[in-house]
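S.K.: got a sequence here, can you build the structure:
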Amino acid sequence: MSKVLMPLATGFEEIEALTIVDILRRAEIEVVIAGLLPGPVSGAHNISVVPDTTIDAINDGAFDMIVLPGGQPGTDNLNADPRVHNLLNKFAAKNKLIGAICAAPIVLAAAGLLNGKKATCYPSYIDRLHGAVYEETAVVSDDTIITGRGPGTSIEFGLALAARLTNQTISDGISRSMLVPTLQSQLWNPGLFNSTIQALLSALELKDTYTQGQERRVAEYCLSIGLKLKLPDIEMRDLYLGAMLHDMGKYNTAENVLNKPDSLSLREETLTREHTLKGTLFVVGINNLSHIGPTILHHHEHWDGTGYPGRLKGEQIPLHARIVAVADAFDAMISNRSYRDRLDNDAALRELVKKKGTQFDPFIVDVFIECLNDSPFEKKDFSYYF
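M.R.: From the prediction side, this is the model:
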């Protein structure tokens, strides 16, 4: 069983602290509330909580995660206590999980833990996230650091922590039992949105018969990788969109070029490569789609910087584009093309491994192979992400 430490200071935000503790305990995660001083701790709205222990009495090595609630003056009280900073640095040194919500991410920043990290916080504290890359979303995860935006995101933050400490299935079960609105209920007309995507793909497949079903298969592969990486639902939705639409730019490419049985001329190869730019222009300016432009634009970049169109290298390439690159290449290799016959799965996997570190992100290739080994794929529609 995972074990979580929550230091509590006078003036803490009650909604945040108690919601997080409640959700984690529903997930059968042990949570220990530790006061900075002995006795009850009064919150920002005069609700008193009796901690389980004090911060001086805990054994930090026994915990898997530390979580700081926000609120004022609770956050400033945490930030002013060197024992809290010491704990944070110990957890960071051991690569343990660290969470903070609302104003509390500024304590992580003051401890030097947010340099170069993506994070969120209550809007009025953005200028105190020294060194962080601020994101205006409810919950932001970057490696071992998980931050939440404020009291209204407490449930989403707590569920994200539960998913990270256990698994997404347990977190989803708690969400359903609490009647938390699902992602699907928050998206505009999801059925029509997804049907439009499907129709666009059907139009592309009429033009390029060799790629029938490819986008759907690539989307499935990508989502399996996303699940392994424990991406949150909103990222899974965007990964699905990017995978489904990654080749939409081919609609403007001549059929005789797409289906040519011989080697392409330099001009034809240039025309083919333009599909990443054309596909990106297809989604630019469209609500709920424009943010997936980088996935479409960069899915042919190479890990070593020799790809196109931007010659991006390594982690300069957006994560979703790196995932699509691996899934797309595998599906292309095991499918018949106008210029060659399909490879079997083993040969395709050998080719992926051969090009780890040159064409493909080595880590994503390893994760994808794990996905294939875990269970055979049944081709199906992943539109439930809508």
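S.K.: can you tell me the SS state at the residue nearest the centre of the chain?
M.R.: Taking Cα atoms, centre = their mean, the centroid of the chain lies closest to L231, which sits 3.5 Å from it. Secondary structure state of L231, per DSSP: H, G, I helix; E, B strand; the rest coil, is coil.
S.K.: for it, which non-adjacent residue is spatially closest?
M.R.: L239 (6.7 Å; Cβ to Cβ, 6 or more residues apart in numbering). No exception for glycine: its C-beta is placed from N, CA and C like everyone else's.
S.K.: which residues does stretch 162-173 contact?
M.R.: With contact meaning Cβ atoms under 8 Å, 6 or more residues apart in numbering, stretch 162-173 is reached by 2, 4, 23-24, 26-29, 64-65, 97, 141, 146, 159-160, 174, 227, 230, 232.
S.K.: which stretch of helix or strand covers S141?
M.R.: Assessed by DSSP states H and E, S141 sits inside strand 139-142.
S.K.: isn't the residue nearest to the centre of the chain up against S224?
M.R.: No. At 11.2 Å, L231 and S224 do not qualify as touching, with contact defined as Cβ atoms under 8 Å.
S.K.: quickly find the element holding the nearest residue to Y221 once chain neighbours are set aside.
M.R.: Excluding its sequence neighbours, the residue lying closest to Y221 (Cβ to Cβ, 6+ apart) is A327, at 3.6 Å. Using DSSP H and E, A327 falls within helix 319-333.
S.K.: same check, this time on L372
M.R.: Going by DSSP H and E, L372 is part of helix 362-374.
S.K.: also L343?
M.R.: L343 belongs to no helix or strand, assigned by DSSP H and E.
S.K.: ok, it to A62 distance?
M.R.: 51 Å (Cβ to Cβ, to the nearest Å).
S.K.: which one of the two is surrounded by more residues?
M.R.: L343 (16 against 10; other Cβ atoms under 10 Å).
S.K.: what's the burial count for the residue lying closest to that one once chain neighbours are set aside?
M.R.: Excluding its sequence neighbours, the residue lying closest to L343 (Cβ to Cβ, 6+ apart) is M333, at 4.8 Å. Residues lying near M333 (other Cβ under 10 Å) number 19.
S.K.: how close does M333 sit to A327?
M.R.: Distance, M333 to A327, by Cβ to Cβ: 11 Å.
S.K.: A119 now?
M.R.: A119 sits 29 Å away from A327 when distances are taken as Cβ to Cβ.
S.K.: again with G71
M.R.: In terms of Cβ to Cβ, G71 sits 43 Å off from A327.
S.K.: list the buried ones in stretch 93-107?
M.R.: The neighbour-count check on stretch 93-107 (16 or more other Cβ atoms under 10 Å) flags 96-107 as buried.
S.K.: okay if I get the residues you listed as CSV plus pLDDT and secondary structure?
M.R.: Below are the buried residues of stretch 93-107 laid out as CSV (pLDDT from 0 to 100; DSSP: H, G, I helix; E, B strand; the rest coil):
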residue, pLDDT, secondary structure
K96, 97, coil
L97, 97, strand
I98, 98, strand
G99, 98, strand
A100, 98, strand
I101, 98, strand
C102, 97, coil
A103, 97, coil
A104, 98, coil
P105, 98, helix
I106, 98, helix
V107, 98, helix
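S.K.: ok, the residues you listed vs G150, which is closest?
M.R.: Nearest to G150, judged by Cβ to Cβ, of the buried residues of stretch 93-107 is C102 at 4.8 Å.
S.K.: who's in contact with the nearest residue in space to that closest one that is not next to it in sequence?
M.R.: In space, and not counting its chain neighbours, C102 is closest to G70: 2.5 Å by Cβ to Cβ, 6+ apart. Residues in contact with G70, defined by Cβ under 8 Å, 6+ apart, are 12-13, 16, 100-104, 122, 150-151.
S.K.: pretty sure G70 sits in a strand.
M.R.: No. Per three-state DSSP, G70 lies outside any strand segment and is coil.
S.K.: so how far is R350 from it?
M.R.: In terms of Cβ to Cβ, G70 sits 51 Å off from R350.
S.K.: cool, and P38?
M.R.: P38 is 63 Å from R350, by Cβ to Cβ.
S.K.: and for L8?
M.R.: 55 Å.
S.K.: equivalent analysis for A104, please.
M.R.: For A104 relative to R350 (Cβ to Cβ), the value is 48 Å.
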